[in-house]
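In: The amino acid sequence is not available; the structure is as follows:
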């Protein structure tokens, strides 16, 4: 039976969504095309009707999940971002969590094209955090950017390091608690009210 163009686009979007989640859970090399398509509810042969290669799907799925990660920060100020990001819920929710924390290590071994997708995602998130952090402050833009790069690297590293520990390891929680506290403490006093909601 011939499918409509609308259905074909919906199928493609579903494959991208499925891949985005599986890649974050198991890494780019941890999921093959056959398994990915089966999980999405399609045959392996249908893959090449939508994508030229697995690398094409990796780039599209990464772009989608980076956009989702950015959208999840819209309603958060910087302290709120830290509290949500450097948390056990985020640590344990790999498939629905931030692509940077899930796949930065994998991306380092991928093509320049995929790395360029990460550059865009990192820049977009930094810009969003810079805008939130800048509000009400009279600080040079380069200082704000440096602060947000440090904050983001610290937050991502905390989640990655915690995930490297066994799930029931006390160290896994300790890493998150210490890093979250240090990040929140590094924020200016004007964010202390939001900070105190978590502590």
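Out: Happy to help now that I have it. Every value quoted in this text rests on a predicted model; they were computed, and no experiment measured them. Residues are numbered from 1 along each chain as shown.
In: low-scoring stretches of the protein, by residue?
Out: Applying pLDDT under 70 to the chain flags the ranges 1, 135-137, 189-199.
In: give me that answer again for 50
Out: For the chain, applying pLDDT under 50 flags the ranges 190-197, 199.
In: Just give me the residue right at the centre of it.
Out: In the chain, the centroid-proximal residue (Cα atoms, centre = their mean) is residue 98; its distance is 2.0 Å.
In: ok, so what distance separates that residue from residue 155?
Out: 9 Å (Cβ to Cβ, to the nearest Å). Every residue, glycine included, has its C-beta placed from N, CA and C.
In: same deal with residue 88?
Out: For residue 88, the distance to residue 155 equals 14 Å [Cβ to Cβ].
In: Who has more neighbours out of those two?
Out: More crowded of residue 88 and residue 155, by other Cβ atoms under 10 Å: residue 155, with 24 against 13.
In: Could you pull up the contacting residues of the more buried one?
Out: 81, 82, 85, 86, 179, 183 (Cβ atoms under 8 Å, 6 or more residues apart in numbering).
In: Which of the helices or strands spans it?
Out: helix 141-163 (DSSP states H and E).
In: what touches both of residue 98 and residue 155?
Out: With Cβ under 8 Å, 6+ apart as the test, residue 98 and residue 155 both reach residue 85.
In: re the thing from before, OK, contacts around the residue nearest to the centre of the chain?
Out: 69, 85, 90, 156, 159.
In: Now residue 172, what are its backbone angles?
Out: phi -60, psi -40 (degrees, to the nearest 10).
In: Show me the helices in this protein, by range?
Out: 5-26, 33-40, 47-50, 54-71, 78-85, 88-92, 99-107, 112-134, 141-163, 170-185, 192-198 (DSSP state H).
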